[in-house]
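K.L.:
Okay, structure incoming, though there's no sequence with it:
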């Protein structure tokens with residue numbers, strides 16, 4: 001019986017069909033566009049693997065993916081972690097890992113939902129902010145951008161305090177970060193698959209590409225030079241393994257030979273043929289297909305990432321007693337005789 005692999009996607013029309021065709025060339029597996037409807041609480045898995053490229057926009061899919069993961073489906077990427085991660089945590093993690101990271105400050109929201117009473121609900125919030133200390137730490141120019149989200153949305157370069165306030169005042173209820181601006185000499189976007197395959201691609205965010213700003217550039221192998229290439233690959237590998245993403249893109253702004261990690265929580269990375277170019281597209285499709293087939297055939301096991309997994313399926317804690325039952329069992333146990 002074939003193992004089923006499903007893919008969830010939105011408007012993209014190059015990667016999904018190419019991925020499905022490539023997987024279906026393998027024996028023992030069947031790939032298709034996943035179909036998701038009503039899901040009951042005793043849900044049994046329909047797919048061995050689900051590749052998720054759209055649940056950040058469709059909440060119903062994200063909720064279903066969590067149930068599918070609980071039922072034993074390997075979800076790419078982990079919906080529980082994807083629901084919890086944010087850009088600022090990523091920068092904090094990057095710094096802990098020893099990866100070069102731009103100085104970054106998390107800012108309170110500029111505004112709040114109507115249910116928030118600013119006089120009573122925000123008693124823990126420092127006000128006014130010490131803008132001088134913040135900007136002295138970051139410096140100018142700086143980048144103001146959301147602490148969550150992606151796609152270069154709501155990103156503003158600010159050159160002084162007045163420009164910062166003007167941009168911040170338009171941020172509404174979005175939590176924002178202020179980040180050191182890296183005036184880069186070069187820029188790299190790595191496509192990462194299965195936490196082991198790391199492909200650095202020359203990327204220029206200033207050039208217009210087929211689907212907006214940012215263009216991938218095909219270069220000869222070794223274009224970064226051996227030492228810089230190794231550091232970029234190693235740092236991308238650290239970040240993907242620490243975050244637990246099997247499908248991701250990691251961006252580095254390179255200044256004076258130092259690759260600064262700029263953006264690396266992208267669990268549905270750009271894989272469009274006309275964006276990443278036909279050259280890289282074929283490599284990405286093949287690598288993604290190889291990885292998912294290995295997972296579907298049980299050659300790659302999902303890591304134990306969540307505490308609840310130790311309580312189900314006969315895990316270490318499956319037969320543990322709660323505090324009341326423990327107390328009762330202790331009271332009922334025969335007393336040991338003193339020697």
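P.N.:
Okay, I see it. Computed from a predicted model, the values in this text were never measured in an experiment.

K.L.:
quick one, domains of this protein?
P.N.:
For the chain, the structural domains run 3-80, 103-180, 186-274, going by automatic domain parsing.

K.L.:
Redo those as JSON lines? Include mean neighbour count and mean pLDDT.
P.N.:
For glycine as for every other residue, the C-beta is placed from the backbone atoms N, C-alpha and C. Putting those into JSON lines (neighbours: other CB atoms under 10 Å; pLDDT from 0 to 100) gives the following:
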{"stretch": "domain 3-80", "mean neighbour count": "18", "mean pLDDT": "95"}
{"stretch": "domain 103-180", "mean neighbour count": "14", "mean pLDDT": "93"}
{"stretch": "domain 186-274", "mean neighbour count": "18", "mean pLDDT": "93"}
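
K.L.:
Dump the ones you listed to a markdown table, plus distance to residue 308.
P.N.:
Output for the domains of the chain, formatted as a markdown table (distance: least, CB to CB, whole Å):
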| stretch | distance to residue 308 |
| --- | --- |
| domain 3-80 | 8 |
| domain 103-180 | 25 |
| domain 186-274 | 16 |
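
K.L.:
Out of these, which gets nearest to residue 309?
P.N.:
Judged by CB to CB, the one of the domains of the chain that comes nearest to residue 309 is domain 3-80, at 8.9 Å.

K.L.:
Pretty sure residue 4 sits against residue 46.
P.N.:
Yes - counting by CB atoms under 8 Å, residue 46 is a contact partner of residue 4 at 6.7 Å.

K.L.:
centre of the chain versus the lengthiest helix in the chain, how much separation?
P.N.:
In terms of residue count, the longest helix belonging to the chain (DSSP state H) is helix 273-296. Relative to the chain's own centre, helix 273-296 is displaced by 18 Å; criterion: CA atoms, centre = their mean, to the nearest Å.

K.L.:
So which elements touch that helix?
P.N.:
strand 3-8, helix 15-23, strand 29-33, strand 49-52, strand 74-76, strand 186-193, strand 197-209, strand 212-217 (3 or more CB pairs under 8 Å, 6 or more residues apart in numbering; DSSP states H and E).

K.L.:
the strands in the stretch 101-250 of the chain, which residues?
P.N.:
With DSSP state E, counting those that start in this stretch as the criterion, the stretch 101-250 of the chain has strands at 104-107, 142-146, 156-158, 176-180, 186-193, 197-209, 212-217, 247-255.

K.L.:
so can I have TSV of the ones you listed showing distance to residue 270?
P.N.:
Formatted as TSV, the strands of the stretch 101-250 of the chain follow (distance: least, CB to CB, whole Å):
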stretch	distance to residue 270
strand 104-107	23
strand 142-146	18
strand 156-158	22
strand 176-180	21
strand 186-193	8
strand 197-209	9
strand 212-217	8
strand 247-255	7
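
K.L.:
how about those, which one is nearest residue 267?
P.N.:
strand 247-255 (6.0 Å).

K.L.:
quick one: contacts of the closest one?
P.N.:
51, 76-77, 102, 182-193, 198, 203, 228, 232, 235-236, 239-240, 259-270, 288 (CB atoms under 8 Å, 6 or more residues apart in numbering).

K.L.:
and of the domains of the chain, who's closest to residue 306?
P.N.:
domain 3-80 (6.2 Å).

K.L.:
Pull the distance from the closest one to the chain's centre.
P.N.:
17 Å.

K.L.:
what's the straight distance from one end of it to the other?
P.N.:
23 Å (CA to CA, to the nearest Å).

K.L.:
cool, stretch 32-51 as well?
P.N.:
By CA to CA, one end of stretch 32-51 lies 10 Å from the other end.

K.L.:
Also stretch 28-44?
P.N.:
End-to-end distance (CA to CA), stretch 28-44: 21 Å.

K.L.:
hmm, who's touching it?
P.N.:
So stretch 28-44 is contacted by 2-9, 16, 19-20, 23-24, 46-47, 50, 60-61, 63-64, 67-68, 70-71, 292-293, 296-297 (CB under 8 Å, 6+ apart).

K.L.:
Swap in 7 Å and give it another go.
P.N.:
Stretch 28-44 is contacted from outside by 2-8, 16, 19-20, 23-24, 47, 50, 61, 64, 67, 71, 293, 296-297, using CB atoms under 7 Å, 6 or more residues apart in numbering.
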